[in-house]
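Chemist: Next one to model:
(one chain, ligands or ions: 1)
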Amino acid sequence: MQARPASNPVPDTVLVSSPPDTGRRRLLAPEPGWVTTADVVVVGSGVAGLTAALHAATALGPRRGSVLLVTKVLVDDGSTRWAQGGVAAALAPDDSPEQHLRDTLEAGVGVCDPAAVRVLCSEGPARLRELAALGASFDRERSGELSLAREGGHSRDRIVHAGGDATGAEVQRALVAAVRAHPAIRLVEHALVLDLLRSTDGAAAGVTLHVLGAGTQDGVGAVHARAVVLATGGMGQIFSSTTNPPVATGDGIALALRAGADVADLEFVQFHPTALYLGPGSSGQQPLISEAMRGEGAFLVDAAGRRVLTPDLHPLADLAPRDVVSKAIYERLRERDEDHVFLDARSLGQSHILNRFPNIVGRCRAAGIDPVTQLIPVAPAAHYASGGVRTDLHGRTSVPGLYACGEVACTGVHGANRLASNSLLEGLVFSARIGRDLEQALPPPAEPERPAGPAALLHPSVREELGRVMSLGAGVVRSKSSLAATADALDGLAERTSDAPGPAAWEATGLHTVATAMVAVATRREETRGAHWREDHPDASPAWRGSLVTTTAGITFEPSGAP
Ligand SMILES: Cc1cc2nc3c(=O)[nH]c(=O)nc-3n(C[C@H](O)[C@H](O)[C@H](O)COP(=O)(O)OP(=O)(O)OC[C@H]3O[C@@H](n4cnc5c(N)ncnc54)[C@H](O)[C@@H]3O)c2cc1C
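Modeler: This next block holds a predicted model:
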């Protein structure tokens, strides 16, 4: 790990167990058949990758082709365009970065890195204004000021939104337009990154990738680059029911684990309390019902009409942090032996619902529910990975020349639970910092070594079974026995190997690597904290106030400096 700033001294670390054993160092794939070069290769085209590419290109100057942005399928297939609620930033006269910091630390329950949270909250407003200047059209009041909403866990109105509940789509649109217009950025779609290439001294020197292309750059090839930025988004697809799109298969985390980069806080997966319930057994990406609806007055009830959240459960009731709401729903469902509760938004009134939440209305109506007159059936679904590839305040990982930003990264801002609408903001703030770091410290070109070490490949059929066992034993609620059963099931799935490389097999192998690492740390953390709920250890323990970090040496525990 490169040096952390003095403001956040890392206390002594303790080795708590050996690394989760997948034995994988690279994916089984054909030898690269072609090579291209760039100064910087950015992997992923959501808010983080697009922002990193723009800032890197600006930092490195106008030379054509200095930044190569590669993305697995189409440019807007990631989570970013699905974001509804908005981007949090302390802009209101009664708000301040300090207040935003306090709310973020509270949601993170003692695991955040306060220095990273300070960066997020203090630099956020400037990054948001830059995005508006770039052309993102956010909703405004009649006065012309940005319209600010409130969401769960925020003590002030500070959520900037666009098109009512279509914020992510507007952020994605504006950034893609800027990237396409930038002469120094080359964008390649249908380019699935496989593994990190390294120089003889171990630094990142590019990636191997599979491109569905035309001409010479088709099939498996290599990008030789002086720095690699991972911006591959989340890992929601390790669960059977998630709000994440199909591309969110945790590829960047799996790549980092294979490359020996440190990964932290993987056990803290946030389950969104209110995904639209589409019926028993529905799997894959589920439509999200934004908590902005609860911010505007909607509330949760069970099938008997009884409120799910009450002030004695949490002072913010329906606006409590997501883990509190998900747990309250889960308890109620268990008590009543049901599989969904309801969101009652009817009191918001027809015109407000239609104007403020046009997307949600569209998705509900497509499922045969009219939120203007009917209760909306909802249930928790995997939503956000608070952990990921560990970085310092400049986006650097423990592998020199390898950076990470956005949901794939663990900057330390989310701790044990992400505060709503802090993730788009994190993508904006820390990706911009990577650009600045590259300006100062772009490594010299180095010749990559041939990829080596044990290669692995699992059969694509692993994916469906993996989601099922993960949701069953490592989902909203976990215990020693449920995690042991999940680990056994994952061991069984590891036997299903394949010798036929291709995108589905590569994704299945990555999902298995991430799930195995996640179950290992969730087993170690014998307490309930934030998004990690252990039935057999229902309380938070001061001894576990810190991060579990998966390193090549094993899983270490680092006490946190957070209040
Ligand atoms: C339904 C929904 C609603 C949300 N609402 C909000 C909200 O209101 N506010 C908020 O702050 N956050 C919200 N979030 C979270 C937020 O959208 C994400 O955390 C954020 O967009 C992640 O951005 P990213 O750039 O890191 O990843 P993404 O936007 O997911 O982009 C990842 C990119 O990496 C690519 N990729 C993945 N693997 C590979 C590979 N192997 N090779 C090449 N490319 C690869 C993907 O195709 C994609 O282009 C929401 C998320 C969802 C799913």
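
Chemist: now Gly561: how far from the ligand?
Modeler: According to C-beta to the nearest ligand atom, to the nearest Å, Gly561 stands 25 Å off from the ligand. For every residue, glycine as well, the C-beta is placed using N, CA and C.

Chemist: what about that residue, is that helix, strand or coil?
Modeler: Three-state assignment for Gly561 (DSSP: H, G, I helix; E, B strand; the rest coil): coil.

Chemist: Glu464 now?
Modeler: Three-state call for Glu464 (three-state DSSP): helix.

Chemist: Tell me the confidence at it?
Modeler: pLDDT recorded at Glu464 is 93.

Chemist: One more: Ser241?
Modeler: On pLDDT, Ser241 comes in at 88.

Chemist: number of nearby residues for the residue nearest to it when sequence neighbours are not counted?
Modeler: Sequence neighbours aside, Ala381 is the residue nearest to Ser241 in space, at 4.5 Å (criterion: C-beta to C-beta, 6 or more residues apart in numbering). Look at Ala381: counted by other C-beta atoms under 10 Å, it has 29 neighbours.

Chemist: Next: Gln217.
Modeler: 16.

Chemist: ditto for Gly510
Modeler: Count around Gly510 with other C-beta under 10 Å applied: 27.

Chemist: mind checking how far the residue nearest to Ser241 is from the ligand?
Modeler: 9 Å.

Chemist: In three-state terms, how would Tyr384 be classified?
Modeler: Following three-state DSSP, Tyr384 is assigned to strand.

Chemist: again, but for Ala505
Modeler: Quick answer, by three-state DSSP: Ala505 is helix.

Chemist: Close to the ligand: what parts of the stretch 1-150 of the chain are there?
Modeler: Residues of the stretch 1-150 of the chain lying close to the ligand (C-beta under 6 Å from any ligand atom) are 43-49, 70-73, 77-80, 82-87.

Chemist: So which of the residues you listed sit within strands?
Modeler: Those of those mapping onto strands are 43, 70, 87, per DSSP state E.

Chemist: could you redo the residues you listed as a markdown table and give each row pLDDT and neighbour count?
Modeler: What follows is those, written out as a markdown table (pLDDT from 0 to 100; neighbours: other C-beta atoms under 10 Å):
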| residue | pLDDT | neighbour count |
| --- | --- | --- |
| Val43 | 98 | 29 |
| Val70 | 98 | 24 |
| Val87 | 97 | 28 |
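
Chemist: of these, closest to Ala231?
Modeler: Closest approach between these and Ala231, by C-beta to C-beta: Val43, at 6.1 Å.

Chemist: In this structure the closest one contacts Gly206, no?
Modeler: No - in this structure, Val43 is not within contact of Gly206 by C-beta atoms under 8 Å, at 10.8 Å.

Chemist: overlap in contacts of these two?
Modeler: Among the neighbours of Val43, those also in contact with Gly206 (C-beta atoms under 8 Å, 6 or more residues apart in numbering) are Val228.

Chemist: Now the residue of the stretch 351-500 of the chain found nearest the ligand: closest residue in space that isn't a chain neighbour?
Modeler: Residue of the stretch 351-500 of the chain nearest the ligand, by C-beta to the nearest ligand atom: Gly406 (2.3 Å). Leaving aside its chain neighbours, Gly406 sits nearest to Ala48 (2.5 Å; criterion: C-beta to C-beta, 6+ apart).

Chemist: Now do the same contact list for the one you found.
Modeler: Contacts for Ala48 (C-beta under 8 Å, 6+ apart) come out as 231, 233, 405-409, 426-427, 430-431.

Chemist: Can you check which strand is longest in the protein?
Modeler: From DSSP E, the single longest strand across the chain is strand 219-230.

Chemist: What helix or strand is Val389 located in?
Modeler: Val389 belongs to strand 388-390 when assigned by DSSP states H and E.

Chemist: helices or strands up against the following helix or strand past that strand?
Modeler: Counting by DSSP H and E, the next helix or strand C-terminal to strand 388-390 is strand 402-404. Packing partners of strand 402-404 (3 or more C-beta pairs under 8 Å, 6 or more residues apart in numbering; DSSP states H and E): strand 219-230, helix 251-259, strand 388-390.

Chemist: Around the residue nearest to Arg363 when sequence neighbours are not counted, how many other residues sit close by?
Modeler: Nearest non-adjacent residue to Arg363, counting by C-beta to C-beta, 6+ apart: Pro287, 4.1 Å away. Applying other C-beta under 10 Å, we find 20 residues neighbouring Pro287.

Chemist: Can you give me the pLDDT of the residue of the stretch 51-200 of the chain found nearest the ligand?
Modeler: As assessed by C-beta to the nearest ligand atom, the ligand sits closest to Gly78 within the stretch 51-200 of the chain, at 2.5 Å. pLDDT, Gly78: 98.

Chemist: That one: how many residues sit nearby?
Modeler: Using other C-beta under 10 Å, Gly78 has 30 other residues around it.

Chemist: Can you name the residues that contact the closest residue to it other than its chain neighbours?
Modeler: Leaving aside its chain neighbours, Gly78 sits nearest to Gly46 (3.7 Å; criterion: C-beta to C-beta, 6+ apart). Gly46 sits next to 78-81, 172, 231, 233, 406-407, 427 when contact means C-beta under 8 Å, 6+ apart.

Chemist: do Ala409 as well
Modeler: Ala409 is in contact with 48, 230, 388-391, 395, 426, 430, counting by C-beta under 8 Å, 6+ apart.

Chemist: tell me the mean pLDDT for the host helix or strand of Ala522?
Modeler: Assigned by DSSP H and E, Ala522 falls within helix 503-524. Taken as a whole, helix 503-524 carries a mean pLDDT of 97.
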